[in-house]
Structure formats: C-alpha cells, structure tokens
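Undergrad: Please work out how this folds:
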Amino acid sequence: GAPGSGKSTLLKMIAQTLHKSKDHRQTGTVSITGVSPARNIIWSNLVAYIDQIDRLHPYLTVFETCEFAWRCRSGGTHRRIFQGDGPDVDDMIAKLDDELTVINKILEAMGLARVKDTFVGDQENVRGISGGEKKRVTVAEMLCVGSPIICCDEISTGLD
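TA: Numbering: from 1, shown residues only. Modelled structure (predicted):
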C-alpha cells in the first residue's frame, strides 16, 4: 500500500504493540485461530513483531543478542531447561547444546555466522556490524523467540 495507508498500524495491532492514545479510536477485533489478544500469554507466544527500526543492544555480540532472545522468550514454543522434578546434569548439557546448535543454525541461515562474535555496535561509541547485518540480526532475534507468526514492518529497509 501507499505510505500512510495504515500498514504499520495493522501489523502493530496484530502484534499488540500499538500504543493506545486518546486521539485514536480503534474498532474491530483481531484473532488468530480463535485466539484473541485478550489471552495475552497465548498471544505473545503466537505473534512476534519486527519493527522498521532495529532496536539492538550495542554492547552485545550478534550471538549474545540471539541467545538473550532465546532465553527471554515467553514460553510455550520452546523446551525449558528445568522441567520435571529436578535437573539431570547430562540432560541439561544436552539441552544447552541443542539450544546453541539451533541459535548457530539460525545465524548461519541469516548469513551472520562469520560475525557472530562481533559487537552489534552503534553509530556513536561502539564499532560493530553493518546496517544490513543489524537488520538480519533483528530477524534472527525474532526467529529465536520461536513465534509461528512474525509481523514484519518494512523488513527490506536497510538490508544489504
């Protein structure tokens, strides 16, 4: 659609990241397979949102950024390390290895394997990866969250 036609607003409504204000009126409903945003814990597992602007921590490496996203996910779509009565050390190590393998596979698929130990960086203080690589890190970060639906707003902006 044309600029200003509401594409970003629609995606933010679906992902439940649209900030409500007294100046804007919202009508209608959004649901996915019968689940509405009112059931936030389920909705947050279903939908992730990639903004037009990359919001990454400059002092984390590419790998740390994805690992952080993996560990902060809201649950339901990934296994947890501690399940059941108590941890079995061998089982914990195997699960950690699985997680690291998945993160590395995502980084490889996004073309970020060679920069995985590089700081993300910013424009002022920390030298880091390129703008196009930052966009790919943002996508990789959302893939690590594990939501089956990813709302991508202007995803190709800044890609190299």
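Undergrad: Pull up the per-residue confidence for the residue nearest to Thr9 when sequence neighbours are not counted.
TA: Leaving aside its sequence neighbours, Thr9 sits nearest to Leu18 (CB to CB, 6 or more residues apart in numbering; 6.5 Å). Just so you know, the C-beta spots here come from the backbone N, C-alpha and C atoms, and that holds for glycine as well. At Leu18, the model reports a pLDDT of 74.
Undergrad: any idea how far Leu18 lies from Arg136?
TA: Plainly put, Leu18 is 25 Å away from Arg136 if you go by CB to CB, to the nearest Å.
Undergrad: With neighbour numbers in mind, choose between the two.
TA: Arg136 (22 against 16; other CB atoms under 10 Å).
Undergrad: buried sites along whichever strand or helix holds the more buried one?
TA: Taking DSSP states H and E as the criterion, Arg136 maps to helix 131-145. Going by neighbour count (16 or more other CB atoms under 10 Å), the buried part of helix 131-145 is 133-145.
Undergrad: and what of stretch 49-66?
TA: The neighbour-count check on stretch 49-66 (16+ other CB under 10 Å) flags 49-51, 54, 56, 60-66 as buried.
Undergrad: Stretch 26-39 now?
TA: Using 16+ other CB under 10 Å as the test for burial, stretch 26-39 gives Pro37.
Undergrad: Would you mind confirming that Ile129 is in contact with Asp122?
TA: No. If you go by CB atoms under 8 Å, Ile129 and Asp122 don't touch, sitting 10.6 Å apart.
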